[in-house]
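[1] Got a predicted model here, sequence first, then my questions.
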Amino acid sequence: MRPPLSIALALALASAAHGQVLANLITAAGDGQGNTLNDPRDVVGDHAGNVYVCGLISNNLFKVAPDGTVTELLDKDGVAGLKIQSPEAVEVDAQGNVYLASTGNHVVFKVEPDGTASVLLDATGGGVAPMFEPAGMVMGPNNVLYIAARGSNNVFAVDSVGNVDVVMDATGDGATALSGPVGLDFDANGNLYVLGFYSYNLFRKLAIDGTVELLLEDGPVELLCPDVMAVQDDGTILVGTQCNQRLYRREVDGTVTLEMDKWIGQVISEGNHFYITLPLLHRARRLKLNGTHAVRLIDIDGDGLGNQLGCPRGMDLAPTGQLIVAGGCTHTAFRIKVGGFVGTSYCGPAELNSANLRAVIYGLGTHKAEWNTITVNAVLMPTNKFGMFINSVDTGFVAPPGSQGNLCLGGSIGRHNQDILLTGASGSFSLELDLTAVPTPGGPYAILAGEEWHWQAWYRDNNPGPTSNLTNGLRIHFE
């Protein structure tokens, strides 16, 4: 008879359901050189692992390097006589240029990788149209920066060489007006989504022909002061409202449901998950595709070392696969390793081992190969035994000579034997994979999106004499 799930496994799975706070990136002390941070309103991460934080009240912009070094990129004096006033948004492009929306005085600043700062747009909107209160920004297709100007009721597009265009204005779709644009996002087809904070509505501009469509408005639902939004690749949308503190979900077919009665500070999407911040509860969560509360990623305890998270608003899922969350009233920002259970089990249950248990392998992280965030874990093994993880593109099922377990891999099998592990007192071990150099008989291999790989844990055992054993198999399809 298969034994019941052990306490060890239950604890392992429970702990895996939470985000791992990797570091507190910045505090109110700012760069530690007298340049302080007050009310970090927005954060963004780049491909190199840098994080950028803007202070709404301190009127400045900081860069936090991967090694933790903090540098103030812009202070309240701004550039060319134009100061920074109440910045609400920060964005970064593929070349590492950073953009800061100085909402209070109608300016968007640009900081190049070498630190050179300039004015990208001012209140004249590059001579194209007035630009007042830039309150939201997003990088769109072809490395074009989109800017939502809340005070002038228009949305600007600025390409990599500085060409400026207005892509939406107060006329909305021609029948319903757009007022106070704030939230911006794109779907997988390049369609632009725009929230009207004052007009209580949501528009979509189609990439194929520029048609503007009204998707959501106050009336059928109480869409009062919508200010945050995220769009899944399939077109599913979450919209948070500020005035009545609600979170709505719009399906692709137009069906709208109320997800929760909570103030949402920010919402972003990736894969089949949404990520939200809850300022009044001092938390950040990951939501499953069906809207259930899947994971509490971080709460008021912050990093557990005295650096707390309070009133989180700004949040970004960086290209490195790490979530960045800023606490507005604690003047902090945290880097969080996200991702839940990854992969599917096959070739199980495993054979009983000398601990009278069936060892289990499971994965944590995300399916995105480029993020390189997967950890494989093996539990329910005998204590103080050596072992390692093995991998293959192919599956199999064979009882190897001299082993009491079943080998679930086939073809060419790679051995992570540079990382010989010990089960220790817990009867478990884990390994953070390097997907850019997975061991194979032909040498290290970089896993690509679209590939499917398999892992298993091999370990020493006694039953009753010296032998070996194996877990079940773990199948992971990479995106």
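    On my side now, so go ahead. Residues are numbered from 1 along each chain as shown.
[2] Direction included, what does the longest strand seen in the chain pair against?
    Of all the segments of type strand in the chain, defined by DSSP state E, the longest one is strand 452-462. As defined by DSSP bridges, the strand partners of strand 452-462 come to strand 386-392 (antiparallel), strand 466-470 (antiparallel), strand 473-477 (antiparallel).
[3] Flag every buried residue along that strand.
    453-461 (16 or more other C-beta atoms under 10 Å). Backbone N, C-alpha and C define where each C-beta goes, glycine included.
[4] Any chance you could give me it in PDB, C-alpha atoms only?
    Below are the C-alpha coordinates for strand 452-462, written out as PDB (Å, rounded to 0.1, in the frame of the first residue of the first chain):
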ATOM      1  CA  GLU A 452      10.300  19.600 -23.500                       C
ATOM      2  CA  TRP A 453      12.700  18.100 -20.900                       C
ATOM      3  CA  HIS A 454      12.500  15.600 -18.200                       C
ATOM      4  CA  TRP A 455      14.200  15.300 -14.800                       C
ATOM      5  CA  GLN A 456      14.500  12.600 -12.100                       C
ATOM      6  CA  ALA A 457      16.400  12.300  -8.800                       C
ATOM      7  CA  TRP A 458      18.800   9.300  -8.300                       C
ATOM      8  CA  TYR A 459      20.000   8.600  -4.700                       C
ATOM      9  CA  ARG A 460      21.800   6.000  -2.700                       C
ATOM     10  CA  ASP A 461      19.700   3.600  -0.600                       C
ATOM     11  CA  ASN A 462      19.900   0.400   1.500                       C
END
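[5] Please give the centre-to-centre distance between it and its chain.
    Distance, stretch centre to chain centre, for strand 452-462: 30 Å (C-alpha atoms, centre = their mean, to the nearest Å).
[6] I'd like the numbering to begin with 23 instead of 1 from here.
    I'll keep to 23 as the first residue from here, and by that count the last item is strand 474-484.
[7] My guess is residue 140 contacts residue 122. True?
    No: in this structure residue 140 lies outside contact range of residue 122 using C-beta atoms under 8 Å: 11.2 Å.
[8] Ranking helices and strands of this structure by mean pLDDT, which lands last?
    Sorting the helices and strands of the chain by mean pLDDT, DSSP states H and E puts helix 29-38 at the bottom, at a mean of 45.
[9] downstream neighbour of that one in the secondary structure list?
    Remark: after helix 29-38, the chain's next helix or strand is strand 42-48, criterion DSSP states H and E.
[10] will you turn the strands paired with strand 474-484 into CSV that also has mean neighbour count?
    Below are these laid out as CSV (neighbours: other C-beta atoms under 10 Å):
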stretch, mean neighbour count
strand 408-414, 21
strand 488-492, 20
strand 495-499, 21
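[11] would you say residue 148 is within a strand?
    No: Residue 148 sits outside any strand when classified using DSSP: H, G, I helix; E, B strand; the rest coil, being helix.
[12] need the contact list for it.
    By C-beta atoms under 8 Å, 6 or more residues apart in numbering, the contact set of residue 148 is 178, 180, 184, 186.
[13] Next up, identify which helix or strand the first one is on.
    Counting by DSSP H and E, the element that carries residue 178 is strand 176-180.
[14] Can you give me the buried ones in stretch 400-407?
    For stretch 400-407, the neighbour count (16+ other C-beta under 10 Å) marks 400-404, 407 as buried.
[15] Pull the distance from that stretch to the chain's centre.
    Stretch 400-407 sits 33 Å away from the centroid of its parent chain (C-alpha atoms, centre = their mean).
[16] Residues touching that stretch, excluding its own?
    Against stretch 400-407 from outside (C-beta under 8 Å, 6+ apart): 28, 30-31, 34, 375-377, 379-384, 409, 411, 444-452, 479, 481-484, 491, 493.
[17] could you flag which of those residues are buried?
    Of the contacts of stretch 400-407, these count as buried by 16+ other C-beta under 10 Å: 28, 30-31, 34, 375-377, 379-384, 409, 411, 445, 449-452, 479, 481-483, 491, 493.
[18] Stretch 60-77 spans what distance, first to last residue?
    End-to-end distance of stretch 60-77 (C-alpha to C-alpha, to the nearest Å): 5 Å.
[19] ok, now stretch 56-73?
    20 Å.
[20] Same question for stretch 398-411.
    In stretch 398-411, first residue to last residue: 8 Å (C-alpha to C-alpha).
[21] Give me the distance between the spatially most central residue of the chain and residue 291.
    Using C-alpha atoms, centre = their mean, the residue of the chain that lies closest to the mean C-alpha position is residue 339, 2.7 Å off. Distance of residue 339 to residue 291, given as C-beta to C-beta, to the nearest Å: 8 Å.
[22] Spell out which residues are contacts of both of the two.
    Residues touching both residue 339 and residue 291 (C-beta under 8 Å, 6+ apart): residue 297.
[23] To what extent is residue 211 buried, counted in neighbours?
    Neighbourhood size, residue 211 [other C-beta atoms under 10 Å]: 11.
[24] That one reaches residue 227, doesn't it?
    No: when contacts are counted by C-beta under 8 Å, residue 211 is not listed as touching residue 227 (11.4 Å).
[25] Residue 368 is nearest to which of the strands paired with strand 474-484?
    In terms of C-beta to C-beta, the element of the strands paired with strand 474-484 nearest to residue 368 is strand 495-499, at 4.8 Å.
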